[in-house]
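[1] What follows is a predicted protein model with its sequence.
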Amino acid sequence: MTTKGYHRYRGRNTRGKVALVIVLVLVLIAAVAYLLTQEYVVYDDEGKAHLELPWFRKEPEKPQPDPAPVPDDVDITREEPQRQKVDAIHAWELPYGCLGGDPGYLLTGREAVAVNVKMYDGSVAYHTAVSLPEGVLTGGNATSRNLQTILDSDCYTVARLACFCDNAYADAMGDRAALCTAEGVLYRDGSGRRWLDPTKPETLRYITDLAEECARLGFDEILLDWFLYPTSGDQTALDLPADRTAVLKDFAQALEKQLPEGTVLSVVLRETPTADSGLTPELLTACFDRVYVMPEADASALPTGYDAATRVVAMTAYAPDSGSYLVTQ
């Protein structure tokens, strides 16, 4: 006989107590977490709270002090890059057509020689790899071998390169490279010669390619001739830049950047420096390692710091007793 209700007894009810303990523990943990995180609660500009834990917190930027004001009476000058050191030069210009035959005999007793690699009529004296339009004359294959004879000698070598006075390239390229009148007609100077426009990218590309090629072939020095704006002819027909010196300076600096390191860059002074031609004393000394002075030009305006013994080269028919010189043909 069983006792009524005995089969329902399973011992003391402990499940409720365990659940109560778990709830209390969770409440305690939540309370502790709440207290610990209160110092990391921050409020934005709109009053909304968000949690910013220390390992995600950005360090506040330190205020930078204001730059010291420059007094009005301080003269700020920007120095031009220093030109590379050069020695005095005693050079002889080799005759036109010297690359048509073996030039070895022309080098005897010479310490330095100049080769006309590009003439003012636009022709190129050697067999160049530079892309040229139809109508520009160049030397044949034999001229490359003869040029190499000069470059392989013990002589210091100068490549004389006519820049902007150029009939052939101006005719071939038209207004893409030529200096034109305001109506678009190719300009002629007082002697009937055409000119390239130094503001046009095609002119810069062409002259730079030739100068760089000569330097990489082995010439020690690049001598830019006819590097100026024309000053003869009908100037009123031209719409020339107001600051021609700035144009020529940009041109020279862009060209020089393409030359191998150590290549001397020089210029021929054909007339007294003026702003009209673009060649000023400041430009000459800032952009060129030497200035070759023709007899009709006056170089007295060059600063005394531009050493005349090494950097100013007299272009003369006879070798003088002192100074740097180029005996011309």
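    Here it is on my side, so go on.

[2] now His151: how far from Phe219?
    Quick fix: residue 151 reads Leu, not His. Distance from Leu151 to Phe219, counting by C-beta to C-beta, to the nearest Å: 7 Å. Using the backbone N, CA and C atoms, a C-beta is placed for each residue, glycine as well.

[3] Give me the more crowded residue out of these two.
    Relative neighbour count places Phe219 above the other of Leu151 and Phe219, with 27 against 15, counting by other C-beta atoms under 10 Å.

[4] For whatever helix or strand Ala91 lives in, give me every contacting residue.
    Element membership of Ala91 [criterion: DSSP states H and E] is strand 90-93. Residues external to strand 90-93 that are found in contact with it (C-beta atoms under 8 Å, 6 or more residues apart in numbering): 110-114, 116, 156, 158, 160, 313, 319, 324-329.

[5] List only buried entries from these.
    In terms of neighbour count (16 or more other C-beta atoms under 10 Å), the buried residues within these are 110, 112-114, 116, 156, 158, 160, 313, 324-328.

[6] Can I get the residues you listed in JSON lines including pLDDT, secondary structure and distance to Leu255?
    Conversion of the buried ones among the contacts of strand 90-93 to JSON lines gives the following (pLDDT from 0 to 100; DSSP: H, G, I helix; E, B strand; the rest coil; distance: C-beta to C-beta, whole Å):
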{"residue": "Arg110", "pLDDT": "97", "secondary structure": "coil", "distance to Leu255": "27"}
{"residue": "Ala112", "pLDDT": "98", "secondary structure": "strand", "distance to Leu255": "22"}
{"residue": "Val113", "pLDDT": "98", "secondary structure": "strand", "distance to Leu255": "23"}
{"residue": "Ala114", "pLDDT": "98", "secondary structure": "strand", "distance to Leu255": "19"}
{"residue": "Asn116", "pLDDT": "98", "secondary structure": "strand", "distance to Leu255": "18"}
{"residue": "Tyr156", "pLDDT": "98", "secondary structure": "strand", "distance to Leu255": "21"}
{"residue": "Val158", "pLDDT": "98", "secondary structure": "strand", "distance to Leu255": "16"}
{"residue": "Arg160", "pLDDT": "98", "secondary structure": "strand", "distance to Leu255": "15"}
{"residue": "Val313", "pLDDT": "97", "secondary structure": "strand", "distance to Leu255": "20"}
{"residue": "Ser324", "pLDDT": "97", "secondary structure": "strand", "distance to Leu255": "23"}
{"residue": "Tyr325", "pLDDT": "98", "secondary structure": "strand", "distance to Leu255": "25"}
{"residue": "Leu326", "pLDDT": "98", "secondary structure": "strand", "distance to Leu255": "21"}
{"residue": "Val327", "pLDDT": "98", "secondary structure": "strand", "distance to Leu255": "27"}
{"residue": "Thr328", "pLDDT": "96", "secondary structure": "coil", "distance to Leu255": "24"}
